[in-house]
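J.: structure of the sequence below:
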Amino acid sequence: MEEFKFTTKTDFEVFRDYWMFTLFEKRSANGGRSGFVKYMTILLVIVAALAVLCICNALLLNYSLGLIPLILLVGIGAALVSALVTATRSQPKRQYKLVQEAVESPQSYTFTDAQMEVREDIPEENRESLAEFPYEKIVGGYETHKAFYLFISEAEAFLIPKSQLTDVDMGKFAAFLAAKLDGRFFKSKRS
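T.: Model prediction:
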């Protein structure tokens, strides 16, 4: 029986990678895309349709619709850019500030044959917490180029930065997780 033990801390870069992963790549429980990807797809389709309308208005309709298609195109295009910038630049910083204290405290992991154990010091209470997660209770796991993400619910994950796993063989650890999560472990397409 192989056992993996290590301690990690999350920084903003790992959190941002996780944020981007959940926005663009992580699938929902039913295998569907995230709400953000669906929203952006709809905006892109509308922008494309408006661009076609602008071209048709100019070439075929001799500007009979006036500037309305162009105004709509600029407005929807601005909404698309605004949503993208907010979701990928501003929002990760805001969210990180909310969870910074929790994610930056060291977490000690032990992966046994039966479960994942996570220990964390709670200095203000002068105690250590221990959480145990049998592998069948872990919703899913992912490996990206920067980290491993182990989801204990659709919205909650443990972030394990690869840069801090200096004494762990990444290939063996990924194979271990793949075996224990039995079809619920995925490798990022961006790795």
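J.: after the helix or strand bottoming out on mean pLDDT in the chain, which helix or strand is next?
T.: Least confident helix or strand, the chain: helix 35-59 with a mean of 82, by mean pLDDT, DSSP states H and E. Once helix 35-59 ends, the next helix or strand along the chain (criterion: DSSP states H and E) is helix 68-85.
J.: how close does the residue nearest to the spatial centre of the chain sit to Glu117?
T.: By Cα atoms, centre = their mean, the mean C-alpha position of the chain lies nearest to Thr22, the distance being 2.3 Å. Separation of Thr22 from Glu117 (Cβ to Cβ, to the nearest Å): 24 Å. Every residue, glycine included, has its C-beta placed from N, CA and C.
J.: what of Gln95?
T.: According to Cβ to Cβ, Gln95 and Glu117 sit 26 Å apart.
J.: tell me the confidence at the residue in the chain sticking out farthest from the centre?
T.: In the chain, counting by Cα atoms, centre = their mean, Asn62 sits farthest out from the average C-alpha position, at 46.5 Å. Looking at Asn62, its pLDDT stands at 82.
J.: I'd like the distance between it and Leu130.
T.: 74 Å.
J.: check Asp11 too.
T.: Using Cβ to Cβ, one obtains 24 Å as the distance from Asp11 to Leu130.
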